[in-house]
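Novice: what follows is a predicted protein model with its sequence.
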Amino acid sequence: MSRHVLLVEDNFLAALEVRAVLEAMDWSVIGPAATCAEAIQMLDDGPPVALALLDVRLRDGDCREVVARLRGQGTPHALLTGYAEPDLEALGAAPTTRIISKPVSAAKLKTVVEDLLTSG
Amino acid sequence: MASIQTMQTCRPSIPGLSAQILDQIHDSVVSTDLDGFVTSWNRGAERIFERDAHEMIGQHISVVYPADEHDFLREQVIRPVLERGEHVVEVRMLRGSGEVFYGHLRLNQLVDDGKPVGLIGYTMDITERVKAEERQRLLARELDHRVKNTLAAVVSLARVTSARATDMDTFTEVFMGRLDAMARAHEALAGNRWMGIELTRTLSLILGEDPRIAMDGEPLLLPSAACVPLCMALHELETNSRKYGALGHEQGRLSTSWRLDDAALCIEWTESNGPPVQSDPVPGLGLTLVRGLIEHEMGGEVHIDFRSVGLHARLSVPLPDSIL
């Protein structure tokens, strides 16, 4: 199975931290992408990813386009966000979408990644 | 037809003097019969609902409620007052123009000879309050979001700084310097109600007052989203210069200048009179941060040139159309 994970996060420092945690878990990080356009290009051109972690608010708007693409191709994903309750409906995300709140704790990230891999 | 009959037989009469008194009330005072047909309509009601008394007398009160509130009107407005004799409720209402507004409604039964004959409602327009509460809620949500993002950035700064630090003292000094740059940007932003910071002031926040430093460019208000990352990037350049470059030398010079180039702000950072520059220095964390903050976070471009006379950096940052 692919050990690639797509990371979409426009805050450079926050992205560095999540990348470090993922790499420590033996994942190879694709990205970080700072915009929907970059993320979609990485999905088009990069290696297939087993899962994706998305910040809700990106430099070019919210992440709804990436959510639609990931749902379309059946890639498990979770949202990384500073919002206590992101508007899943507005983002076109499934009501069961997992949320990882910022600042990201390594333990929480690990649990969510394992959940995503077992239940999709 | 039966209800119209009821309306006519049960309409409470309002003598002229009482009507004048009711018209002095700024808010709406409206009475209906037990079926909800309007029997009196004061001037406040004409103002709030934008409907004349002669148009409204005999009409059903539901015309001042949006269609999607009609169930609520029946179950949560009229029924409780019929059952309990009085009721207070907040509900969406409708003006004659079709505009929906928020009303605070206080209802009582009208009693004649010991028998209920109708309802009287006192309505205040609380739209401004409801909107202010909504703004407050949004602001609190944005603040929460901003604080958590800032914490995420601080956690990350601590990790990347500690990975390069050889001892605790070095870590503390470098980390506190970076945190201080973030803090100064936040403080200046808050002082300007998050409406951005003048670019000259942004540079001064990081570079301080130093006769060796020149600044040259037109006045420009930096949008608030750009302030924190730019201050942090400038802090890295400044720290590098104090450690290895022109600002570490008494005779050193730093020239900063900026211009608008298409839709981008282009800042030139030119050091001179410093120590000789290594032609191919090992890239440090500082310059990695500069690139990440400007290129990744702001969608800009960074060019760094280790000229023999001193470091030259060009930071170009796209600006939103509203600034240009």
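Specialist: Nice, thanks for sending it over. Residues are numbered from 1 along each chain as shown, chains lettered A, B, ... in the order given.
Novice: what's next to stretch B:119-137, contact-wise?
Specialist: With Cβ atoms under 8 Å, 6 or more residues apart in numbering or on different chains as the test, stretch B:119-137 has contacts from B:27-34, B:36, B:45, B:48, B:61, B:78, B:81-82, B:90, B:93, B:101-110. C-betas here are computed from N, CA, C, even on glycine.
Novice: now intersect these with the strands, please.
Specialist: Among the contacts of stretch B:119-137, the residues falling in strands (DSSP state E) are B:28-33, B:90, B:93, B:101-110.
Novice: buried members of the residues you listed into ChimeraX, please.
Specialist: Buried subset of those, written as a ChimeraX selection, criterion 16 or more other Cβ atoms under 10 Å in any protein chain shown:
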select /B:28,29,30,31,32,33,93,101,102,103,104,105,106,107,108,109,110
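Novice: need the mean per-residue confidence for the longest helix belonging to chain B.
Specialist: Ordering each helix of chain B by length in residues (DSSP state H) puts helix B:127-164 first. Per-residue pLDDT values over helix B:127-164 give a mean of 90.
Novice: would you mind listing what in chain A touches chain B?
Specialist: Neighbours of chain B within chain A, by Cβ under 8 Å from any Cβ of the partner chain: A:10-17, A:20, A:32, A:34-35, A:57, A:59, A:81-84, A:101-104.
Novice: mind giving me the packing neighbours of the helix or strand just after the longest helix of chain B?
Specialist: Per DSSP states H and E, the first helix or strand lying C-terminal to helix B:127-164 is helix B:168-191. Under the contact criterion of 3 or more Cβ pairs under 8 Å, 6 or more residues apart in numbering or on different chains; DSSP states H and E, helix B:168-191 touches helix B:127-164, strand B:197-198, helix B:199-207, helix B:224-244.
Novice: which residues touch B:L221?
Specialist: Applying Cβ under 8 Å, 6+ apart to B:L221 gives the contacts B:195-199, B:323.
Novice: what's the lowest-pLDDT member of those?
Specialist: Ranked by pLDDT, the contacts of B:L221 bottom out at B:I323 (55).
Novice: PyMOL command to pick out the buried ones of the residues of chain A next to chain B?
Specialist: Those of the residues of chain A next to chain B that count as buried under 16+ other Cβ under 10 Å are selected in PyMOL with:
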select buried, chain A and resi 10+11+12+13+14+15+16+17+20+32+34+35+57+59+81+82+83+101+102+103+104
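Novice: looking at the residues of chain A next to chain B, which are in helices?
Specialist: Per DSSP H, those map to helices at A:12-17, A:20.
Novice: just send the residues you listed back as CSV, with pLDDT too.
Specialist: Formatted as CSV, these follow (pLDDT from 0 to 100):
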residue, pLDDT
A:F12, 95
A:L13, 94
A:A14, 93
A:A15, 95
A:L16, 93
A:E17, 92
A:A20, 92
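Novice: burial of A:S2, as a residue count?
Specialist: Using other Cβ atoms under 10 Å in any protein chain shown, A:S2 is surrounded by 12 other residues.
Novice: how about the one 4 residues further on?
Specialist: By other Cβ under 10 Å, the residues close to A:L6 number 25.
Novice: so what pairs up with it in the strands?
Specialist: Per DSSP bridges, the residues bridged to A:L6 are A:I30, A:A52.
Novice: so it touches A:A39, yeah?
Specialist: Yes: A:L6 is in contact with A:A39 according to Cβ atoms under 8 Å; the separation is 6.6 Å.
Novice: where do the contact lists of those two overlap?
Specialist: Jointly contacting A:L6 and A:A39 under the rule Cβ under 8 Å, 6+ apart are A:31, A:33.
Novice: neighbouring strands - and their directions - for the lowest-mean-pLDDT helix or strand in chain A?
Specialist: Among the helices and strands of chain A, strand A:61-62 carries the lowest confidence by mean pLDDT, DSSP states H and E, at a mean of 88. Strand A:61-62 has its sheet partners listed here by DSSP bridges as strand A:57-58 (antiparallel).
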